[in-house]
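# sequence-free structure coming up:
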């Protein structure tokens, strides 16, 4: 229940920041005209995105290794730790990277007219949709099953094993677009902007 409250808090914070940005757009534009601010925001964005991505990848590898061990105590401990990190570490990094990324896009110009930037944003949103739409509901199902696992059990229930394996695939599907986001951020290729896709 505590994890759910943390996630709801960060999602609410994101919505609140978007509303504030819409309400005070003139003040934000004035702030974004500061050249010194660009470097600081870029550093924060790169650090937050890298930490979020690294935590996601390490979490996937750690869960895969624990499942391969076949030891219920190890699997349960690993899952508990990874979900704890998701709620208390990944969620803030997501919020910071999105806010800093939007700030950078405003400083660069119209995001939808910059090919690499608009494509990276869509891929990031897609990753978030996978996480919110698939991973979070799967985590709640897993939590219900884990609560009933005996500490001395020799094997996990088959349904729990199936859900843990499914979560690994969902996590991988959410992380793969982020690899493409990093490629786009670093190499900034000349590609058709999203704003021109349907013209």
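All right, it came through fine. As the structure is a prediction and not an experimental result, all values here were calculated from the model.

# select the longest helix from this protein.
helix 35-69 (DSSP state H).

# after that one, which helix or strand is next?
Next helix or strand after helix 35-69 toward the C-terminus (DSSP states H and E): helix 72-85.

# can you name every helix or strand that that following helix contacts?
helix 35-69, helix 136-147 (3 or more CB pairs under 8 Å, 6 or more residues apart in numbering; DSSP states H and E). Any C-beta I mention is one placed from the backbone N, CA and C, and that applies to glycine too.

# give me the angle between the last one and helix 72-85.
Which is helix 136-147. Angle, helix 136-147 to helix 72-85, by axes from the mean of the first three to the mean of the last three CA atoms, to 10 degrees: 140 degrees.

# ditto for the longest one
With the same axes, to 10 degrees defining the directions, helix 35-69 sits at 170 degrees from helix 72-85.

# let the chain start at 25 from now.
Sure, I'll start counting at 25 from here, so that last one is helix 59-93.

# show the low-confidence segments of this protein, by residue range.
Within the chain, the segments meeting pLDDT under 70 span 25-27, 175.

# follow-up on the earlier one: so which of the helices and strands packed on helix 96-109 comes closest to residue 192?
helix 59-93 (5.8 Å; CB to CB).

# chain center to that closest one, what's the gap?
9 Å (CA atoms, centre = their mean, to the nearest Å).

# in that helix, what's buried?
65, 68-70, 72-73, 75-77, 79-80, 83-84, 87, 90-91 (16 or more other CB atoms under 10 Å).
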